[in-house]
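Student: Here is the input, now give the coordinates:
(2 chains)
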Number of protein chains: 2
Amino acid sequence: MTLDHPRKQRLAAFIRRVWDEGDASAADEYLADSYVIRHDPGDPWDGMTLDRAGFRDRVERSRAAFPDQRFDIQELFADGDSVVMSWLWAATHQGDLPGFPASGKTIRMSGATVYGFDAEDRLTGHWQITDRLGVYQQLQRNMLAG
Amino acid sequence: MTLDHPRKQRLAAFIRRVWDEGDASAADEYLADSYVIRHDPGDPWDGMTLDRAGFRDRVERSRAAFPDQRFDIQELFADGDSVVMSWLWAATHQGDLPGFPASGKTIRMSGATVYGFDAEDRLTGHWQITDRLGVYQQLQRNMLAG
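Tutor: Numbers count the residues shown, from 1 in each chain, chains lettered A, B, ... in the order given. Below you'll find the model as predicted:
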């Protein structure tokens, strides 16, 4: 990936600190006063508007089953108010999920996310697609093998 | 969507003519000599490099079960050699799919696609994520109801 735009640098730092390293309170440095999850099929917060406390809660709950998760940013695209990120993701399934007890196996995922920015380069929300069928198939395979 | 870039205009026309209206031979006007499907989980052509005949075949086979399909482009983002498209999609399930006979019901999908362009503004390939779990759930629900 090429960080040829200040918003790309900010987004890459946000992903690393908040989502990879799990420093939920660092999100305060990157977020606007409210963060809108405009479209994110399968995400429990799809359609919701979060304040900063709500966002921290989302980070902590989302990471609970996958505490060593890492995003591998493929490319970043800046245009207008947005930066789009294509990504791969991998994590060890260390915590229980509904229907899928912790397996200790690596889970892989890919996705694409459109992040919105305000005039002060703060994140205003996202529109996201993830390959959740791929994740579901891996969880199921691990459960049957376990 | 805002067509504020020549490549956005070209991509929107390609989607309408080839994928919505089903004019597979029109793809020849938009494609480079080879088209690489870099990443597209669940797509039968994932990882393949297609020549123009191969691409026309892909269009015809992909559209067979969904001949009235329509892409509703949400946003387009141009940066570097790429244009990213976020999209919704709807179609009537009119042809049989493996395990899912034609239901006559509307299927909805969303996705995000990174399209690559060459110096002559021809399409060189894509990197795509679709919400295939959402599609699978709709197909299954329709079959159980049918």
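Student: the helices in chain A, which residues?
Tutor: Secondary structure of chain A by DSSP state H: the helices cover A:6-14, A:52-63, A:132-145.
Student: quick one: average confidence on the first one?
Tutor: Predicted confidence along helix A:6-14 averages 98 (mean pLDDT).
Student: mind listing what's buried in that helix?
Tutor: Counting neighbours by 16 or more other CB atoms under 10 Å in any protein chain shown, one finds that the buried residues in helix A:6-14 are A:Arg7, A:Lys8, A:Arg10, A:Leu11, A:Ala12, A:Phe14. For glycine as for every other residue, the C-beta is placed from the backbone atoms N, C-alpha and C.
Student: Does the fifth one touch A:Ile73 like I think?
Tutor: Right, A:Ala12. Yes. Taking CB atoms under 8 Å as the contact criterion, A:Ala12 and A:Ile73 are neighbours in contact, 6.2 Å apart.
Student: hey, what's in contact with both of those two?
Tutor: Residues touching both A:Ala12 and A:Ile73 by CB atoms under 8 Å, 6 or more residues apart in numbering or on different chains: A:Met1.
Student: before we move on, back to that, from the buried residues of helix A:6-14, pick the one nearest B:Asp28.
Tutor: Minimum separation from B:Asp28 among the buried residues of helix A:6-14 (CB to CB) is found for A:Lys8, which lies at 34.9 Å.
Student: In contact with the residue lying closest to that closest one once chain neighbours are set aside: list those residues for me.
Tutor: For A:Lys8, the nearest residue in space outside its immediate sequence neighbours is A:Leu76; the separation is 4.4 Å by CB to CB, 6 or more residues apart in numbering or on different chains. With contact taken as CB under 8 Å, 6+ apart, A:Leu76 is in contact with A:Met1, A:Thr2, A:Leu3, A:His5, A:Lys8, A:Leu11, A:Ala12, A:Val83, A:Val84, A:Met85, B:Asp79.
Student: Give the bridge partners for the closest residue to the last one other than its chain neighbours, please.
Tutor: Closest residue to B:Asp79 in three dimensions, ignoring its sequence neighbours and counting by CB to CB, 6+ apart: A:Phe77, at 3.9 Å. Residues found in beta-bridge contact with A:Phe77 (criterion: DSSP bridges) are A:Val84.
Student: Next one: the least confident helix or strand in chain A by mean pLDDT, is it in contact with chain B?
Tutor: Among the helical and strand segments of chain A, the one scoring lowest on mean pLDDT, DSSP states H and E is helix A:132-145, with a mean of 95. Yes. Part of helix A:132-145 sits near chain B under the criterion CB under 8 Å from any CB of the partner chain, namely A:Arg132, A:Leu133, A:Gly134, A:Tyr136.
Student: What is the neighbour count of the residue lying closest to the last one once chain neighbours are set aside?
Tutor: The one in question is A:Tyr136. Computed as CB to CB, 6+ apart, the closest residue to A:Tyr136 that is not its neighbour in sequence is B:Leu133, at 6.1 Å. The tally of other residues near B:Leu133 (other CB atoms under 10 Å in any protein chain shown) stands at 19.
Student: okay but B:Leu133 is in contact with A:Thr130, surely?
Tutor: No. With contact defined as CB under 8 Å, B:Leu133 does not count as touching A:Thr130 (9.1 Å).
Student: How much space separates the residue nearest to the spatial centre of chain A from chain B?
Tutor: Averaging the C-alpha coordinates of chain A gives a centre point, and the residue nearest to it by CA atoms, centre = their mean is A:Trp19 (6.2 Å). In this structure, A:Trp19 lies at 17 Å from chain B, with CB to the nearest CB, to the nearest Å as the measure.
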